[in-house]
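Undergrad: Based on what follows, work out the 3D shape:
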Amino acid sequence: MRRLFPVTDQTAPRPGDTPPGGAEAGPVGGPPATDTADREWSLQELAAAYAYPEPGPGGREPWLRANMVTTLDGAAQHEGRSQPISNAADMRIFGTLRGLADVVLVGAETVRQEGYRPARARAAFAGLREAAGQAPAPAIAVVSAGLDLDFSWPLFTSPLVPTLVLTGAAAAPDRVAAAERAGARVLIAGDGMGVDPARAVRALADLGMTRLLTEGGPRLLGQLIAAGVLDELCLTVSPMLTAGDAQRIAGGPSVAVPERLGLVSLLEEEGFLFGRYRRT
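TA: I've put the predicted structure just below:
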């Protein structure tokens, strides 16, 4: 992996640079290695590159980032799943973003299609999470209006951190009860059947979960964009072409005025581009 942007005297390759060790060389939190070209980055370097903003004078405000992958021709999935268009470096970044987050926000359809399981604790992030006052692993928060979920899945019955379910006030009481019997915590974040994105973010922040990560899917991401609550997009561009009619990374109604984000950093490995964009 190499950094394409921003380019500094530290990131530009120099004659005689020697690639340092591998990604799992030790726990996150130590000093990063020199940023040279074409090598595998350590987890500590990835954690520094994707760190959440520092708290302001009034304390830590919620910060919602998305992590998505797309092919060159705009497909967010192949045969209903994102894994076929990913690669090992993308999965390292995926794990790093989870390792930094308090909670992972995900739509019910993505939970069903991707077979979501509880987030696991990783030894490499243990010290960093403890120092930040975080649980050993991020909670998974499932957004679902109809609660059409199998509450016997391990995601609900055996997570390290209790799974959250965000739904509307009009959700069927028997489904709410089923979620709670399975061990999930149900949060009401909407007046009707659906979930209001701004209320969902606030409900999680009220639980102390301010470092938010969403992994989609496209419908949920589209709702978050339309509501104006997305602060950052971490986007992997996969050097693949799939054609077909796969979804884009965000779906639903278009916004009235396109929102422009600023490029924070751009990494590359094996033709995959890893961009980080923030609201300007």
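
Undergrad: Below-threshold pLDDT in the stretch 1-150 of the chain: ranges please.
TA: Residue ranges of the stretch 1-150 of the chain with pLDDT under 70: 8-37.

Undergrad: Try it again at 50.
TA: By pLDDT under 50, the low-scoring segments of the stretch 1-150 of the chain are 18-25, 30-34, 36.

Undergrad: Pull the contacting residues for the nearest residue in space to residue 135 that is not next to it in sequence.
TA: The shortest distance from residue 135 to any non-neighbouring residue, by CB to CB, 6 or more residues apart in numbering, is to residue 161 (4.9 Å). For glycine as for every other residue, the C-beta is placed from the backbone atoms N, C-alpha and C. The contact partners of residue 161, by CB atoms under 8 Å, 6 or more residues apart in numbering, come to 118-119, 135-139.

Undergrad: which of those residues are buried?
TA: 118-119, 135, 137-139 (16 or more other CB atoms under 10 Å).

Undergrad: Take these and lay them out in JSON lines including secondary structure.
TA: Shown next, in JSON lines, are the buried ones among the contacts of residue 161 (DSSP: H, G, I helix; E, B strand; the rest coil):
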{"residue": "118", "secondary structure": "coil"}
{"residue": "119", "secondary structure": "coil"}
{"residue": "135", "secondary structure": "coil"}
{"residue": "137", "secondary structure": "coil"}
{"residue": "138", "secondary structure": "coil"}
{"residue": "139", "secondary structure": "strand"}
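
Undergrad: what's the most distant pair in those?
TA: Pairwise distances across those (CB to CB) peak at 11.6 Å, for the pair 118 and 135.

Undergrad: shared neighbours, those two?
TA: Taking CB under 8 Å, 6+ apart as the criterion, residue 118 and residue 135 both touch 160-161.

Undergrad: With just CA atoms, put the longest helix belonging to the chain into CSV.
TA: Longest helix in the chain by number of residues (criterion: DSSP state H): helix 88-100. Extracted in CSV, the C-alpha atoms of helix 88-100 (Å, rounded to 0.1, in the frame of the first residue of the first chain):
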residue,chain,number,x,y,z
ALA,A,88,-7.2,-8.2,1.4
ALA,A,89,-6.2,-4.5,1.8
ASP,A,90,-9.9,-3.5,1.8
MET,A,91,-10.6,-6.0,4.5
ARG,A,92,-7.7,-4.6,6.6
ILE,A,93,-9.2,-1.2,6.3
PHE,A,94,-12.6,-2.7,7.1
GLY,A,95,-11.2,-4.2,10.3
THR,A,96,-9.4,-1.0,11.2
LEU,A,97,-12.6,1.1,10.9
ARG,A,98,-14.5,-1.3,13.0
GLY,A,99,-11.6,-1.3,15.5
LEU,A,100,-11.9,2.5,15.9
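
Undergrad: Done for today, thanks.
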